[in-house]
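# Build me a structure from this.
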Amino acid sequence: MVAISPPTQGPSGLKAAQLSAVTNMLALSNNNDADNNNHKSNSGGSNNTYGQQQQQQQQRDANPWKLLIYDKHTRSIISPLLSVSQLRSNGVTLHLLLNSDREPIPDVPAVYFVQPTQENLSIIARDCSRNLYERAHLHFSTRIDRPVMEEFARLVVNTGGLSAVASVHDQFVDFVCLENNLFSLNVPQSYCVYNNPGATEQDMELAMGNIATGLFSVVATLGCVPVIRCPRGGAPEMVARKLCKLIAEHPTLIRSKDGLHKSHNRPVLVIMDRNMDLITPVQHASTYQALVDDVLDHKANRVEFNVKQDANTAAATAGSRGRAPPVVRKKLDIDPDMDPFYSQHKFNPFPEAIESNGAELQEVSAREQQIRSKTGGAGTTAAAAVVSHHGGGDSNELATAVESLPVLLDRKKKLEVHTSILQAVMNEVAARDVPQFYELETSLATGSYKNDPSSAKKEVIGLVADPSKGNVNDKVRLVIVYALSNGVGHTSDIDEVAQAMKESLETKGSTISADGAAGSTSTAAAAGGGGGGGSHGTLSKEDRALLESGLRAIDYLKKLRSMHMIPTMSSMMQTEVSGGNASSGSDMLSSFMARATNQATGLLAKATDKLGTMLGKTHKHRSTIAVENICEMRPNTEDDEYLYLDPRVKGDVDVAALRNAARAPVREAIAFMIGGGCYGEYQNLQMVANDRRSITYGSTEIVDPSTFLNHLAKLA
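A predicted model of the protein is given here:
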């Protein structure tokens with residue numbers, strides 16, 4: 001498999017810039033200066049990502065206690081940036097939802113961080129009239145329109161709450177930054193909104209305007225003026241032109257020459273439409289992070305899954321032997337940027353992540369045992385006393401080892417968190433035989449069956465009609481990949497495959513129920529099975545609903561395909577094999593299996609058995625190819641076809657004319673997908689990233705495959 005390194009992270013990253021804006025917002029003692037600094041950073045001014053930490057600390061010390069009032073949207077913005085303890089270190093003693101019942105705390109100032117909606121402004125005006133808090137510092141996630149601001153001012157004056165308003169600020173941080181190189185505008189059901197055939201022209205103008213405003217927040221937070229590229233026509237061009245106008249009309253941003261990006265090294269923003277590639281959001285994945293998002297409950301960097309308690313442990317805690325062990329719901333927060341193991345291995349093939357976790361855990365455990373043996377098994381406090389009385393030349397070495405023990409234990413704890421997550425993913429992958437779906441979908445998407453459509457249909461029918469393979473959504477996703485792959489099936493073939501799936505599910509049922517799709521480990525895999533525990537014979541109510549929804553999604557895509565409104569994928573994906581050698585995939589698998597015999601873990605043994613097909617080949621998705629062609633400025637590709645908009649230049653730029661001029665190399669690209677993005681696409685785009693170029697990925701929302709299937713079904 002082509003090696004994919006984690007994105008380059010530094011002080012100019014999007015998440016760091018947004019965090020700086022939010023921490024400035026929470027500093028109240030010198031609010032006017034903080035606001036000016038925010039506007040500089042958010043509008044193309046000097047880099048204040050790390051340069052104002054001392055000033056922020058002084059502001060927190062001068063006024064340490066405050067309340068934070070947010071709405072549901074802005075809560076989703078803050079959650080990936082600041083934990084509860086980090087909010088407290090910024091002086092936030094209490095954080096509450098705006099529309100909740102809140103008691104008066106008249107001697108403490110409040111920071112309001114909300115969207116500038118009429119409903120929110122009415123609640124704020126009511127709070128001010130009641131003198132709920134000492135002073136109200138109002139921060140809006142994006143620009144508040146002048147008519148709305150004037151109406152709010154009249155409301156505050158008329159209700160007698162003007163004296164409670166200390167300040168009003170536009171923040172331009174109206175996006176959710178999940179990682180340093182991953183963001184979302186958090187628009188729910190965005191694919192349905194932008195592809196709704198009943199939407200009016202006014203509805204589309206409003207929707208595209210909201211996307212442009214959200215992207216303007218990203219641009220302003222980075223303090224840069226990007227070059228904008230997009231395909232001609234449709235939603236991408238509408239958004240691109242609106243965004244270009246917003247940037248061009250913003251005086252501070254457009255005049256800035258010393259932001260986080262120098263004018264001669266500007267980023268390229270590539271705006272694309274989800275309809276250019278509908279395979280990627282539904283295709284099964286092979287990498288750690290993408291699989292977590294696929295098979296477990298994963299949202300805003302929090303992972304949830306069910307775990308069966310050990311029978312003896314359950315009996316000891318409940319005192320009831322003989323009963324079935326209870327299922328415990330685990331909730332774990334993981335930071336993709338700060339967690340060393342996750343940041344290093346999230347893009348790796350799943351078996352490699354398992355192997356690395358086992359090796360690192362063994363190394364840490366051995367080091368811990370070595371330190372404890374030197375101190376007689378004492379804890380860190382007692383060990384320090386041992387060191388103080390220890391004579392000889394080894395005392396300094398022993399002291400250093402003891403001091404490193406807390407760090408070592410913290411690392412071990414984080415690795416054990418990933419062990420439990422890997423186990424939960426492994427249970428789902430094994431129960432549903434995900435590698436078989438992944439392998440067949442990859443072959444279909446890359447054109448391996450282009451000259452043998454009958455074999456393609458036979459393989460797909462064989463897998464979707466097997467009750468021991470996959471759950472309902474797994475089968476529907478495979479049929480969709482088959483329907484969208486070029487040269488493997490006509491409409492009649494798609495109907496035949498879908499009917500075979502429907503008949504099999506209705507007559508034989510499915511071994512894996514809807515609970516498995518929701519991230520439960522109480523499926524056949526949790527009992528040690530590999531998906532072969534026999535079928536239920538009948539579909540559950542939940543599975544029947546999923547089947548009906550999946551068939552509607554297939555019908556919707558058949559309709560789009562017949563109208564030539566979506567491209568087929570095989571001709572648009574490039575297959576790559578590591579080292580350029582077709583046998584390297586099997587070589588890697590052999591090497592992996594040899595190493596697996598040396599690992600004393602049943603999890604790795606199971607991974608070796610089930611996940612061999614997840615090593616080896618990978619392919620560039622449609623968006624990755626487009627972004628790479630634009631970054632490399634390749635002729636006769638998207639670099640020639642896509643519009644070239646520069647907010648610093650009036651009118652469209654002729655790319656053909658630019659071919660005769662020297663263009664600066666692209667050091668940073670921002671790929672944005674209208675209609676929903678996914679972790680598989682985010683990971684695939686990192687194939688274009690290297691030591692000289694970073695790739696940031698954003699979308700109207702980040703969706704898992706099951707959610708995207710629901711969106712397709714709603715449009716049928």
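# is it true that residue 304 touches residue 296?
Yes - between residue 304 and residue 296 there is a contact at 6.9 Å, judged by C-beta atoms under 8 Å. Glycine gets a C-beta too; all of them are placed from N, C-alpha and C.
# more crowded one of the two?
residue 296 (23 against 15; other C-beta atoms under 10 Å).
# Can you tell me how far the more buried one is from residue 134?
Distance of residue 296 to residue 134, given as C-beta to C-beta, to the nearest Å: 44 Å.
# Repeat that for residue 473.
52 Å.
# out of those two, which sits in the busier spot?
residue 473 (24 against 15).
# Backbone dihedrals for the closest residue to residue 443 other than its chain neighbours, both of them.
Closest residue to residue 443 apart from its sequence neighbours, by C-beta to C-beta, 6 or more residues apart in numbering: residue 449 at 6.2 Å. The phi/psi pair for residue 449 (degrees, to the nearest 10) reads phi -100, psi 10.
# what about residue 478, distance to residue 447?
Applying C-beta to C-beta to residue 478 and residue 447 gives a distance of 16 Å.
# what's the answer for residue 127, then?
In terms of C-beta to C-beta, residue 127 sits 60 Å off from residue 447.
# for residue 626, same thing?
18 Å.
# How about stretch 282-301, which residues are buried there?
Buried residues in stretch 282-301, defined by neighbour count with 16 or more other C-beta atoms under 10 Å: 282-298, 301.
# Actually, stretch 347-365.
Those would be 347-358, 360-361, 364, for stretch 347-365 by 16+ other C-beta under 10 Å.
# between those residues, which is closest to residue 465?
residue 350 (26.4 Å; C-beta to C-beta).
# Test my guess that the closest one contacts residue 292.
No - counting by C-beta under 8 Å, residue 350 sits too far from residue 292 to count as a contact (9.4 Å).
# what residues are shared contacts of the two?
When contacts are counted by C-beta atoms under 8 Å, 6 or more residues apart in numbering, residue 350 and residue 292 have residue 425 as shared neighbours.
# related to what we said a few turns ago, between residue 478 and residue 447, which has more neighbouring residues?
More crowded of residue 478 and residue 447, by other C-beta under 10 Å: residue 478, with 27 against 20.
# from the middle of its chain, how far away would the lengthiest helix in the chain be?
Taking DSSP state H as the criterion, the chain has its longest helix at helix 395-432. Mean-position distance between helix 395-432 and its chain equals 24 Å (C-alpha atoms, centre = their mean, to the nearest Å).
# Spit out the contact partners of the residue nearest to residue 443.
443, 455-456, 459, 485, 487-488.
# Just the buried subset of these, please.
Buried by 16+ other C-beta under 10 Å: 443, 456, 459, 485, 487-488, out of the contacts of residue 449.
# Tabulate those residues in CSV, adding columns for secondary structure and pLDDT.
Putting the buried ones among the contacts of residue 449 into CSV (DSSP: H, G, I helix; E, B strand; the rest coil; pLDDT from 0 to 100) gives the following:
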residue, secondary structure, pLDDT
443, helix, 91
456, helix, 93
459, helix, 95
485, coil, 88
487, coil, 69
488, coil, 73
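# Tell me which two in the residues you listed are the farthest apart.
459 and 487 (14.7 Å).
# follow-up on the earlier one: please identify which pair of the contacts of residue 449 lies farthest apart.
Farthest-apart pair in the contacts of residue 449 is 459 and 487; separation 14.7 Å (C-beta to C-beta).
# What distance do you get for residue 271 to residue 217?
Between residue 271 and residue 217 the computed distance is 15 Å (C-beta to C-beta).
# So which of those two has more stuff around it?
Legend: neighbour count by other C-beta under 10 Å for residue 271 and residue 217, higher for residue 271 (27 against 24).
# give me the element that one is part of.
If you go by DSSP states H and E, residue 271 is part of strand 268-273.
# Please name the strands paired to that strand in the sheet, noting orientation.
strand 227-230 (parallel), strand 668-674 (parallel) (DSSP bridges).
# What average pLDDT does the helix or strand that that strand is followed by get?
Counting by DSSP H and E, the element after strand 268-273 in chain order, helix or strand, is helix 288-295. Mean pLDDT, helix 288-295: 96.
# same for helix 288-295, what does it pack against?
Helices and strands touching helix 288-295, by 3 or more C-beta pairs under 8 Å, 6 or more residues apart in numbering; DSSP states H and E, are helix 340-345, helix 350-374, helix 395-432, helix 679-685.
# Of those, which is nearest residue 160?
Closest among those, using C-beta to C-beta: helix 679-685, at 49.8 Å.
# Can you show me the CA trace of the next helix-or-strand element following that closest one as PDB?
Next along the chain after helix 679-685, taking DSSP H and E as the criterion, comes strand 694-699. Listed next in PDB are the C-alpha coordinates belonging to strand 694-699 (Å, rounded to 0.1, in the frame of the first residue of the first chain):
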ATOM      1  CA  SER A 694      -0.100  20.100   2.900                       C
ATOM      2  CA  ILE A 695      -3.700  19.100   2.000                       C
ATOM      3  CA  THR A 696      -6.600  20.400   4.100                       C
ATOM      4  CA  TYR A 697     -10.000  18.700   3.600                       C
ATOM      5  CA  GLY A 698     -13.400  20.200   4.300                       C
ATOM      6  CA  SER A 699     -17.000  19.500   3.500                       C
END
